[in-house]
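# With the input below, show me the fold.
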Amino acid sequence: MRFIKRNIPIFLTGLILLVLFAIIIAVSQTKPVEIPTLKTIDEADLIAGHTYILGFPEAPLSLVIFANYQNSPELPYLDAAYEVYKKEPRYLSLALRPFTQTTEGKLIAKAAQIAGDQGRYWEYAVLALEKGAINNENKEKITEKILLDWASLLNLNKSKFESGLKDKGYDSLIEADLKDAGKLEIVTSPTFFLNKQRLSAKNAEELKQLLEEEIARIKREKKIDLPGEETLVEPEEKELTPMQKERTETLMEIKYTEEGWDPKEVQPFKGQTIRWTNTTNKTIYLQPLDKSYEGLKSIVTIEPGQYFEYKFPSGGIFRYQEMATYHWGMVIIEW
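You can find the predicted model right below:
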């Protein structure tokens, strides 16, 4: 009994501690778990006015990639993203922006921006990563001549590309890209944003898997209208009136084959009807590179066996490409 009396204060202290622990455990079990959320990004910082988008801007998934165009290990990530995009062009759009602090990196980014004016931004950036790795290994400095050589591999207009390299306006666009990267607190490359939220991928295969899972989820939900679902003309066999026959005689057809547009370049008269026919067994996407004609400012979807017609109201030049393959074509309309 004496032992108990002498240690009553200790027992009371222990009892109080036990009660406190019990209260803490009870509170922790009833308190909702706080789930960390991704910080939503301002879209104006992600997509600038000069940013080139590969695919439908209205696609339900938008992946923005900030990359250092001199870092060859980034290439598998770009290849993985492009592989998913090519398979599901209605579900995913891609945007590639520079994150580089070196003089050579900025020069490559500028060249890619110039190539974008001729519809080859993504191609040029990927080519720069492939060729730039060789230059780094050989310790060869990136010069304007090298950038021109790469442009020639893509059949870009040499004079336009050369004048672009001398244009300081493109430098300001690259600085704007880097400023946006700073706002987004980017410290490494590549950095990904999927639908305005930062996306973490340990490797290219994980990036591909994440994109495919998101597309699969959207397909399951079936709550969206996909872009590029315009109703096009289905070829029909029927008797034509004399006036229709006369108009048909002036029709100029461009067929899309596995090798690309055939013919690649046509020269119709103003008011003449051009017909783009898809002769393949895959859906194709006619993407305007020049958007000066009403009715030809957005991507046109042409299903297998279908065609799309347009009558040019005025003279000029209309350039276009198949969105997934980059097969290009040109219409030079005579006045």
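# From now on I want contacts and neighbour counts done on CA atoms only, so please keep to that.
Fine.
# Which parts of the chain are helices?
Per DSSP state H, the chain carries helices over the ranges 2-6, 8-30, 43-46, 75-87, 103-116, 121-137, 144-153, 158-166, 168-183, 204-221, 242-249.
# Helix 204-221 and the fourth one, what's the angle between them?
The reference is to helix 75-87. 20 degrees (axes from the mean of the first three to the mean of the last three CA atoms, to 10 degrees).
# Let me know the distance separating the residue nearest the centre of the chain from K158.
By CA atoms, centre = their mean, the mean C-alpha position of the chain lies nearest to L94, the distance being 1.5 Å. From L94 over to K158 the distance is 26 Å, taken as CA to CA, to the nearest Å.
# and I47, how far is that from D180?
9 Å.
# Would you mind confirming that F308 is in contact with G295?
No - look at F308 against G295 with CA atoms under 8 Å: they stay out of range, at 11.2 Å.
# where does the chain dip in pLDDT?
Counting by pLDDT under 70, the chain shows low-confidence ranges at 1-43, 132-139, 223-225, 228-250, 334-335.
# ok, now with 50
Scanning the chain for pLDDT under 50 picks out the ranges 3-4, 27-38, 230-238, 240-241, 243-248.
# coming back round to it: hang on, isn't the residue nearest to the centre of the chain packed against I53?
Yes - taking contacts as CA under 8 Å, L94 lies within contact range of I53: 5.7 Å.
# Against E58, how distant is the residue nearest to the centre of the chain?
Counting by CA to CA, the separation of L94 from E58 is 11 Å.
# F269 too?
In terms of CA to CA, F269 sits 34 Å off from E58.
# Among those two, which residue is more densely surrounded?
Using other CA atoms under 10 Å, the more surrounded residue of F269 and E58 is F269, with 19 against 15.
# Confirm for me that the more buried one is in contact with I333.
Yes - with contact defined as CA under 8 Å, F269 counts as touching I333 (5.6 Å).
# Report the set of residues contacting both of the two.
With contacts defined as CA atoms under 8 Å, 6 or more residues apart in numbering, the residues shared by F269 and I333 are G315.
# who touches stretch 171-185?
So stretch 171-185 is contacted by 41, 45-46, 48, 50, 66, 97-100, 106, 109-110 (CA under 8 Å, 6+ apart).
# same thing with stretch 306-319?
With CA under 8 Å, 6+ apart as the criterion, stretch 306-319 contacts 232-235, 269-279, 288-291, 293, 295, 302, 328-335.
# For that stretch, C-alpha coordinates in PDB please.
Taking C-alpha atoms only, stretch 306-319 is exported to PDB below (Å, rounded to 0.1, in the frame of the first residue of the first chain):
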ATOM      1  CA  GLN A 306     -14.900   9.800 -98.600                       C
ATOM      2  CA  TYR A 307     -13.900  13.100-100.000                       C
ATOM      3  CA  PHE A 308     -14.000  16.900 -99.200                       C
ATOM      4  CA  GLU A 309     -14.600  19.600-101.800                       C
ATOM      5  CA  TYR A 310     -13.800  23.300-101.900                       C
ATOM      6  CA  LYS A 311     -14.100  26.000-104.500                       C
ATOM      7  CA  PHE A 312     -11.400  28.700-104.100                       C
ATOM      8  CA  PRO A 313     -13.100  32.100-104.400                       C
ATOM      9  CA  SER A 314      -9.900  34.000-105.200                       C
ATOM     10  CA  GLY A 315      -6.300  33.500-106.400                       C
ATOM     11  CA  GLY A 316      -3.400  32.800-104.000                       C
ATOM     12  CA  ILE A 317      -1.500  29.900-102.500                       C
ATOM     13  CA  PHE A 318      -3.000  27.300-100.100                       C
ATOM     14  CA  ARG A 319      -0.600  24.900 -98.400                       C
END
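# and the nearest residue to K291 once chain neighbours are set aside, what does it touch?
Once flanking residues are discounted, K291 sits nearest to K297: 4.8 Å by CA to CA, 6 or more residues apart in numbering. K297 makes contacts with P288, D290, K291, as judged by CA under 8 Å, 6+ apart.
# Break the chain down into its structural domains.
With domains defined by automatic domain parsing, the chain comprises 43-221, 242-333.
# and L178, how many residues sit next to it?
Neighbours of L178 under the rule other CA under 10 Å: 20.
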